[in-house]
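Q: sequence first, predicted coordinates after that:
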Amino acid sequence: MHVGSLRPVVSNPGSLVPLHRQLGLTDDELEAVVVLLGREPSHLELAMFAVMWSEHCSYKSSSIHLKRFPTEAPWVLVGPGEGAGVVDVGDGLAVAVRIESHNHPSAIEPYQGAATGVGGIIRDIFSMGARPIALLDPLRFGPLDDPRNRFLLEGVVSGISGYGNAVGVPTVGGEAVFDPCYSGNPIVNVMCVGVIATDDLVLARADGIGNLAVLLGSGTGRDGIGGASVLASAGFDDQTDEKRPSVQVGDPFEEKRLIEACLDLVSAGLVVGVQDLGAAGISCAASETAAKAGNGMDVDIARVHRREPGMNAVEVMTSESQERMLAIVRPRDLAAVLARCARHEVVASVIGRVTNTGRFRVYDGLFDAETSPGQPIAVPLADVPAGSLGDGPSYQRPLREPAGHRAHLEQDPRPTLEERFPVPTELTLELLGLLASPTIADKSWIWSQYDHQLFLNTVVGPGGDATVLRLKDHGVGPVKALAISTDGSGRFCRLDPRTGGRLSVMEAARNVACAGARPLALVNCMNFGNPEHPEVMWQFSESVDGMSEACRALGLPVIGGNVSFYNESHGADIDPTPVVGVLGLIETFDGRPPGTAVEPGQRVFLLGTTAGELGGSEWAAVMHGLTGGRPPHADLEAAAALHTLVSALVAERVVDAVHDCSDGGLAVALAEMSIAGGVGMSVELGASADLACLVPATALFSESASRVLVAIGDTGVTDDTGDGADGDGSHTRAGNDNGARREGAVEELRRRAGAAGVPIAEVARAGGDRFTVRTGATAHDHVGSVVVDVSVAEITAVHRESIPHLMAASVVR
Amino acid sequence: MTARVGVVVFPGTNCEHDAAYAVRLLGGDADLVWHRSTDLTGFDAVILPGGFAHGDYLRTGAIARFSPVMDAVGRFAHAGGPVVGICNGFQILCEAGLLPGALQKNAGLKFLCQTVALRVETTSTVLTRGATVGQVLQIPINHFEGSYVCDARTLSALRDDDRVVVRYVDNPNGSIDSIAGICNDARNVVGLMPHPERAVEDVLGSSDGAVLLGSLLVAAASSAPVSVVSSPVRP
């Protein structure tokens, strides 16, 4: 073998560092390769093992932990390990979901990093044969007063917008959280949802000896070489800029053509299997499809259509050029496949053949040699067991609880804050500060740059508790809808990763319940620091356990996930940030569910219990820099009862408005309902026993979990049977039944909450143009005190203008 | 008679299914027409829907105008057939010379996806015959390059000839004279940046787009079969 003829991929020719280490393999891993092959690997083999056994591709540090997630439910058609997880939603229809991270490329080159993240996740969905119908983008950045963070936010949002809008998949939701720990290392996760007829489901398997591997899409170039191994499997330091060439460049137009071509091939029954080319490029796609089917594959790199001349075998096999797919095709269907690709203006080349050898072999000129008599028989450049590349090492890395962790838990911010804000301190400025905090502030600066309406499915778009998408022209039977939410709290996870993991799952499931949906499945994106730090692995393991506990309690199978390690810069790990996406189903879609907005006269009720839980809260940590304490208690039984109750109340339209209570606590949730409705609210803390016994500031800003606000119209005050003056279309219900129904509704709400064992208290009434909070009467204060008094116009302006105002300042690369 | 609408699909177009859905919801027939087609015989109206034809890496619509179907669209328009370009379709009609002016990047240099208020300025076009002058419609926009520009003489002509079809009530993108949509001299070719097909059901937030697309279907159903013999029409 001509080892010396191939240039090293990531090289420093004068370096004394051995090649395998330059490529990212440890000495032990090299030894394992030698034992596996029974000889020294060729350069190409070494390069392929290095990229396939990288942390990013092999999950070598995480796989032993990920096994603890519950993954099964009767409606799960495809669980973790395939391109996407798939659930059956009935009537012959299935939904495919996947989430992935593009943190590292986005930190280096935010536009292309985010754009190619979108492209990659979309390919995972249509490689299953599903039509991608929605994207959601959970994002984390450092504070926006830093120009570098503004540059990253601007670039990432532009990249998502530029790619997602052009490729024609609407971006319908996500979240954005700002915390100093993400300053050097933003989190850019992207989730994609697709729809498919259950019978059309395609897996990434190279079945059928003699079948052909057809490469579709973009030419293979030198971009993204080593993306998985060099970039995604190491942290950032002062040499970070040198990694820019490892970031790929996206072409949404090529991807759009590829979507249409692939879905056309699938629906015509012309493909046996499909896999997208992502990390590790052809090496991964070709070897994995063969291994999954228990077969071998011969690849001829001479047939790979390329973007530039002079590429060597290592470059061709490990390039991460975007917008490429590998289809497994029966020889008799090849002509039809090529014809359809030509119609869609997609380039297609036969680059390989399924064999019965069980070996993954790479040649340069195999097919030419076969068809030209007299040519010497081609010699493989690589010849390895097909399963060996995908069957990388698995490490039980050491775990260690971080030093000082327990002491940190005991630093409850509550006593300090209650001393600073005794009864009855004016709290209006505190509320305004929270509403302006970028994590809480209105995010329309971000999502108005995304096409969130394409396909005419978006019933509730970005900005609500959960996105609601109807599935208007799919399947038979009644129209269904999906409710989707992504959530994750790094701050709670840093304080206590097990509880934080539970809380992240609970919040996403709660948001889906607020849309009246039944939670069906969960995908997760585990964003963590350096796995070689035992403290990070401890955080990881604890988070997995917490999330698993919550998933079991809430009946949520984990159908897919992604792990992103090495999120660190200059030696500092990010907070452990597991992000979850929960998919819920509305079996029969009958109009837009109640939203966040309240209307004059509505009575607002709090479901759930409030305790004095300020640890990790936005108020304590962001407004007052008190980062210690314990996260809120994560009672899974209470969560399950609340979700079932809320989902039913919304689905049956017992309530007229609903809103999850989370970041910023009760005060922020109520203010958001007020802002959404453009109507004032009078909040009475004395009306609820658990609120009344807390210091007002604590009652307002505690982030106790499992709480939801609901509102019901009241007779005598509101009258939406109306005179037709209301022409703005904001009413979603015909109001001709409101009279007796409303009275009955409050009683029914109380009765249902009682039956479910969920505490309920009436906390506010909507009306007027001011947002006020009055405390309960005390021994010293017989009428209570007004602690917040602000106009709706002011809270609205603060909430809406915060991010645009911050982003108006300059950016710095 | 049910109007039969051809919805033109370029590689990179992405609103074709939405446009066809809206047409069908409003009682018309819709068929997708691939950009290599050279024959629009049998259609009563043509929609050029939104998206990113040929990727729009060059100036928007600059490549699409050379797609084979555009000759057929030109002939259809010159023969008096109703043609509506929505968003990218409007950009393509301008590039093809079927409408005057051009669309530039938004004043804020950001992509904008939001519902805006549009004021109907004339009812004497194929897209607004069912509306009333001054009627305000809630219709989404979804574009990066939607700021309409033209020279002063064209602007005067558009105003003098009552060819500004819809204006933004609150100009979101810096368009000259708040112009959101215009028509040609013969008033059978209309281009607009907002997406009426995204506003045909209350459950999605607005059904005001039905006024516009409903007008198109009426115009299509009542127009004489389009002759292939062309008569010169000033853009």
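A: Perfect, thanks for sending it.

Q: which other helices and strands does whichever strand or helix holds residue A:260 contact?
A: According to DSSP states H and E, residue A:260 maps onto helix A:252-267. On a contact count with 3 or more Cβ pairs under 8 Å, 6 or more residues apart in numbering or on different chains; DSSP states H and E, helix A:252-267 meets helix A:110-126, strand A:131-141, helix A:147-167, strand A:212-217, strand A:273-276, strand A:324-329, helix A:334-343. Placement of C-beta: from N, CA and C, glycine included.

Q: of all the ones you listed, which lies closest to chain B?
A: When the helices and strands packed on helix A:252-267 are compared by Cβ to the nearest Cβ, helix A:147-167 sits nearest chain B, at 4.5 Å.

Q: now the closest one: mean pLDDT?
A: Per-residue pLDDT over helix A:147-167 has a mean of 96.

Q: how about it: buried residues?
A: Buried residues in helix A:147-167, counted by 16 or more other Cβ atoms under 10 Å in any protein chain shown: A:149-150, A:152-167.

Q: would you map the helices across chain B?
A: B:16-25, B:69-78, B:88-95, B:152-160, B:209-222 (DSSP state H).

Q: for those helices, which one ends up most surrounded?
A: The highest mean neighbour count among the helices of chain B, using mean count of other Cβ atoms under 10 Å in any protein chain shown, belongs to helix B:88-95: a mean of 28.

Q: restricting to C-alpha, output that one in CSV.
A: Below are the C-alpha coordinates for helix B:88-95, written out as CSV (Å, rounded to 0.1, in the frame of the first residue of the first chain):
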residue,chain,number,x,y,z
ASN,B,88,-40.0,35.9,-5.6
GLY,B,89,-42.6,35.7,-8.4
PHE,B,90,-42.8,39.5,-8.3
GLN,B,91,-39.0,39.8,-8.4
ILE,B,92,-39.0,37.5,-11.4
LEU,B,93,-41.7,39.5,-13.2
CYS,B,94,-39.6,42.6,-12.7
GLU,B,95,-36.4,40.9,-14.0
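
Q: who are the packing partners of that helix?
A: Using 3+ Cβ pairs under 8 Å, 6+ apart: helix B:88-95 touches strand B:45-48, strand B:83-86, strand B:102-104, strand B:189-192.

Q: could I get those strands as CSV with distance to residue A:524 and mean pLDDT?
A: Shown next, in CSV, are these (distance: least, Cβ to Cβ, whole Å; pLDDT from 0 to 100):
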stretch, distance to residue A:524, mean pLDDT
strand B:45-48, 42, 98
strand B:83-86, 39, 98
strand B:102-104, 42, 97
strand B:189-192, 43, 98
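
Q: of all the ones you listed, which lies closest to residue A:394?
A: strand B:83-86 (53.3 Å; Cβ to Cβ).

Q: interface residues of chain B facing chain A?
A: Within chain B, the positions adjacent to chain A are B:11-12, B:14-15, B:17-18, B:21-22, B:51-52, B:54-57, B:110-114, B:138, B:140, B:142, B:144, B:195, B:197-198, B:200-206 by Cβ under 8 Å from any Cβ of the partner chain.

Q: wait, a helix at residue A:644?
A: Yes. Assessed with DSSP: H, G, I helix; E, B strand; the rest coil, residue A:644 lies in a helix.

Q: what's the neighbour count on the closest residue to it other than its chain neighbours?
A: Once flanking residues are discounted, residue A:644 sits nearest to residue A:756: 6.7 Å by Cβ to Cβ, 6 or more residues apart in numbering or on different chains. When counting by other Cβ atoms under 10 Å in any protein chain shown, one arrives at 20 neighbours for residue A:756.

Q: which element follows the lowest-mean-pLDDT helix or strand in chain A toward the C-terminus?
A: Every helix and strand in chain A was compared by mean pLDDT, DSSP states H and E; the lowest is helix A:738-756, with a mean of 82. The helix or strand immediately downstream of helix A:738-756 is strand A:760-766, counting by DSSP H and E.

Q: in terms of secondary structure, what does the helix or strand following that following strand contact?
A: Where DSSP H and E defines the elements, the next helix or strand beyond strand A:760-766 is strand A:770-774. Applying 3+ Cβ pairs under 8 Å, 6+ apart, one finds that strand A:770-774 contacts helix A:665-677, strand A:681-684, strand A:786-791, helix A:792-807.

Q: now, of those, which is deepest in the fold?
A: helix A:665-677 comes out most buried of these by mean count of other Cβ under 10 Å, with a mean of 25.

Q: how far is it from where the chain is centred?
A: In terms of Cα atoms, centre = their mean, to the nearest Å, the centre of helix A:665-677 is set 25 Å apart from its chain centre.
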